[in-house]
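> Provided below for reference: sequence and predicted model.
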Amino acid sequence: MAKQQTGTLSSKNWLGRASAGLILGFGIAIGLSALFAHFGPGGFNGESTKMQMTMWMTSPIWVTVLCCCFLFQTGLRAWLWLGATNIFIFAAYFGGRALVT
Amino acid sequence: MRTDIVRLYKDIHTWTGIVAGLALFIAFYAGAITMFETELQRWATVPSELAPPPALEQTDALVAATLAEVPEAGRRFMVNIDPTPEAPARVTWETGGRRGHGILDEARHFGASFDETGNLQVAEFRKTDVAQLVDVLHQQVGLPFDHEISMMIMGAISLLYALALVSGTIVLIPSLIKDLFLVRVGRNLKRMWLDVHNVLGIFSLPFHLVMALTAVVFAFHDQIYDLQSEVIYDGEIEKYWAAGSPRPTPHPDGTPLLGAAAMLARIGEQAPDFRVMTLSYAQQRNGQYMVQAYGTDIRHGVRTPTTGIGIVDAYDGSFIRTNLVPGEQDGWNATLTAFFALHFGSFGGYSVRWGYFFLGLAGAFLFYSGNLLWIESRRKKARKAGQVEQKRSTRVMAALTVGVSFGCIAGISLTIAAAKWLPMLVDNAGPWHIGLYYALFLAAVAWAFVRGAARAGVDLLLLCAATTALIPLSSLLASLTPAHMPWNHGGTDGLLVDLVAVAGTVFFALMALRAHRRVTEGPTDSVWAAQAPDLKPAE
């Protein structure tokens, strides 16, 4: 994103960026909801209220990533950056769970 | 704001809007009508043949007599606190069929009462299918697939809708301050439509954001839970759901059920503002009962489209679970309820329902005007050389826009009006309601292509006015005929349906007049002019 100033954005070649936003955005949403479920307020309690909240929070995250993914210059960049974000989130999640147990 | 970003999001707005717009029109028009689903149900339900319901104090005798006579009612039955035409008995139950998302569930509905001599009277009553049909049209816009597949498509449409909202807002930002309160009515039609589209869009943005974000959840929640089960709950999400389900403490065998009146009093002690409408008794595995109390408290949102739910001990009336009782929820549950209530408009009583009704109609108009703008932007203006041929894409989109939009409106009106006639003609009205809707909808779309958008627009608006007029006309005929059918129920709820239909009729008729003027007197270099045969192959 740092180089964003150099080129202008256009809607050409949208498929690469859109697919990154759709697929990897969903991954980010699931990953963040997993962090919330285990390390968010109240910790992991297996209560249905928290399970529902964990499900609901995915929608705004997913939609946000989907709406912003077009700000990447190319599809490749979108896949790399959002992919790296996924790896970071899931590493934090599974690492965190391994540390706790 | 950088112009390339604005241009980028303008392209996104155009294409997401044009792909999802017509589906969203149907979802919003039908959704607006579901705001009055209860009233529509009441209007459309055949009067029951049962004797008037006995007093609340006699409920316990009625329940005992019913269970003795009809053992199958014992699995699950309802006690209605204020029986209404759509739930016409003090005690009701259903057999067969599962209440799913289909309209064609095979469930049969029964009610019990005491006749004049005090003997038990059991009769089947016919629940109307038309209100549920409108709800299903709202949820899956008439897609002819399995519910699961339709919901996946609706989920995709919801994501496109969210994208269209955000991109449309970004496009509007640079001129927001200048244009906010400006609607330029005049010669430049595209300017006028754009101003109207913008002002509607920006002022109902919060409503639309709520709808988009909740619709994504409603469409995909099964898939999200399945994936979360693997990632978060080690594949055992079902175990946690089961652990969380309410477990009433067993009472000694032979403990009598708490009477309905006493039950209401006990619930009133625990949640004074919770107005109970229905007590639903369900037999548990150990043969004992658990009660779900359905009711409202208009100062709070409720979880379902119409009511909140309290889980109550059937034998002593104490709450087992209050997490869905309006006003008795903790912060987490109240937040969850807010997501549902904000989508359903199930808070704040009638004023909010009316607000949502108009916001829903305005939403439908937003998508309709978006399509008009798409068409207008691609219009080929005539130069000195004389007539121009409009592009095939704009003619097709114009035909689709009037055909789908007005076909949906006319189809819904026709199938609602038929609710007063079908019960005396056929045994099972459900398939007929569906057939009538689709027949008129498809015919309208076909008509739009055959006649061309311009002329079909006038025809179809007249059709909308005529079919909508059938709704109050059916009621009027019913009040003039002494026969058992058609019928009217007393009270203002039915009148509401008729009055809204009268207003709709007038509106559609006026629009037809305006459209006719546009076709005959407006500029001829447009898909909205009648002069050229509209759909002869282009090029």
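That came in fine, so what should we check first?

> Residues of chain B that sit close to chain A?
B:2, B:4-5, B:7-9, B:11-12, B:159, B:162-163, B:166-167, B:212-214, B:216-217, B:220-221, B:224-225, B:227-228, B:231-233, B:237, B:240-241, B:243-244, B:323, B:330, B:332-333, B:335-336, B:339 (Cβ under 8 Å from any Cβ of the partner chain). Backbone N, C-alpha and C define where each C-beta goes, glycine included.

> again, only this time at 7 Å
Applying Cβ under 7 Å from any Cβ of the partner chain, one finds that chain B approaches chain A through B:4-5, B:8, B:11-12, B:159, B:162-163, B:166, B:213, B:216-217, B:221, B:224-225, B:227-228, B:231-232, B:240-241, B:243-244, B:323, B:332-333, B:336, B:339.

> Of the residues you listed, which belong to strands?
Among the residues of chain B next to chain A, the ones falling in strands (DSSP state E) are B:Asn323.

> Need the buried ones from the residues of chain B next to chain A selected in PyMOL.
Restricted to buried positions by 16 or more other Cβ atoms under 10 Å in any protein chain shown, the PyMOL selection for these reads:
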select buried, chain B and resi 5+8+11+12+159+162+163+166+213+216+217+221+224+225+227+228+231+232+240+323+332+333+336+339
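
> what does chain A have sitting close to chain B?
Counting by Cβ under 7 Å from any Cβ, chain A sits next to chain B at A:8-11, A:30, A:33-34, A:37, A:46-56, A:58-60, A:63, A:66-67, A:70.

> Give me the phi and psi for the most centrally placed residue in chain A.
By Cα atoms, centre = their mean, chain A has its centre lying nearest to A:Ile28, at 1.9 Å. Backbone torsions for A:Ile28, taken as degrees, to the nearest 10, come to phi -60, psi -40.

> Could you verify my assumption that it touches A:Pro60?
No. A:Ile28 is beyond contact range of A:Pro60, at 11.6 Å (criterion: Cβ atoms under 7 Å).

> now the helices: where do they sit in chain A?
When assigned using DSSP state H, the helices of chain A occupy the ranges A:14-19, A:25-39, A:48-56, A:58-68, A:75-100.

> Oh, that last question was meant for the stretch 51-200 of chain B, not what I typed.
B:59-69, B:130-140, B:147-172, B:176-179, B:189-203 (DSSP state H, counting those that start in this stretch).

> Stretch B:376-391: end-to-end distance?
End-to-end distance for stretch B:376-391, by Cα to Cα, to the nearest Å: 11 Å.

> Ok, stretch A:29-47 next?
Stretch A:29-47 end-to-end distance (Cα to Cα) = 20 Å.

> so what pLDDT did the residue nearest to B:Asn198 when sequence neighbours are not counted get?
What sits nearest to B:Asn198 in space, not counting adjacent residues and going by Cβ to Cβ, 6 or more residues apart in numbering or on different chains, is B:Leu172, at 5.6 Å. Looking at B:Leu172, its pLDDT stands at 93.

> okay, now B:Leu172: neighbour count?
Residues lying near B:Leu172 (other Cβ atoms under 10 Å in any protein chain shown) number 22.

> what do you get for B:Asn119?
By other Cβ under 10 Å, the residues close to B:Asn119 number 10.

> list the contacts for the residue nearest to the centre of chain A?
Contact analysis of A:Ile28 by Cβ atoms under 7 Å, 6 or more residues apart in numbering or on different chains lists A:Ile61, A:Val65, A:Leu82, A:Thr85, A:Asn86, A:Ile89.

> wait, what's in contact with the nearest residue to the second one once chain neighbours are set aside?
Using Cβ to Cβ, 6+ apart and skipping the chain neighbours, the partner closest in space to A:Val65 is A:Gly25 (3.2 Å). With contacts defined as Cβ under 7 Å, 6+ apart, A:Gly25 is in contact with A:Trp62, A:Val65, A:Leu66, A:Cys69, A:Leu82.

> from memory the first one sits against A:Ile23, does it?
No. With contact defined as Cβ under 7 Å, A:Trp62 and A:Ile23 do not form a contacting pair (10.2 Å).

> quick one: which of these two has more around it?
Comparing A:Trp62 with A:Ile23 by other Cβ under 10 Å, the one with more neighbours is A:Trp62, at 27 against 14.

> Please report how far the nearest residue to the more buried one once chain neighbours are set aside lies from B:Trp43.
Counting by Cβ to Cβ, 6+ apart, the nearest residue to A:Trp62 once its immediate chain neighbours are dropped is A:Ala29, at 4.2 Å. For A:Ala29, the distance to B:Trp43 (Cβ to Cβ, to the nearest Å) stands at 42 Å.

> now stretch B:140-155: mean pLDDT?
Across stretch B:140-155, pLDDT averages out at 92.

> Just the buried positions in it, please.
B:Gln140, B:Val141, B:Gly142, B:Leu143, B:Ser150, B:Met151, B:Met152, B:Met154, B:Gly155.

> Relative to B:Ser150, how far out is the fourth one?
Plainly put, B:Leu143 is 4 Å away from B:Ser150 if you go by Cβ to Cβ.

> Which single helix of chain B contains the most residues?
Max-length helix for chain B by DSSP H is helix B:3-34.

> which ones are touching the nearest residue to B:Ala398 once chain neighbours are set aside?
Nearest residue to B:Ala398, sequence neighbours excluded (Cβ to Cβ, 6+ apart): B:Ala453, at 3.5 Å. By Cβ under 7 Å, 6+ apart, the contact set of B:Ala453 is B:Arg395, B:Ala398, B:Ala399, B:Val402, B:Val527, B:Trp528, B:Asp534.

> Secondary structure and pLDDT added to the residues you listed, as CSV?
Below are those laid out as CSV (DSSP: H, G, I helix; E, B strand; the rest coil; pLDDT from 0 to 100):
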residue, secondary structure, pLDDT
B:Arg395, helix, 91
B:Ala398, helix, 94
B:Ala399, helix, 95
B:Val402, helix, 96
B:Val527, coil, 85
B:Trp528, coil, 85
B:Asp534, coil, 44
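
> Sort out which one of those residues lies nearest B:Asp273 for me.
Taking Cβ to Cβ as the measure, B:Val402 is the one of the contacts of B:Ala453 closest to B:Asp273, at 48.0 Å.
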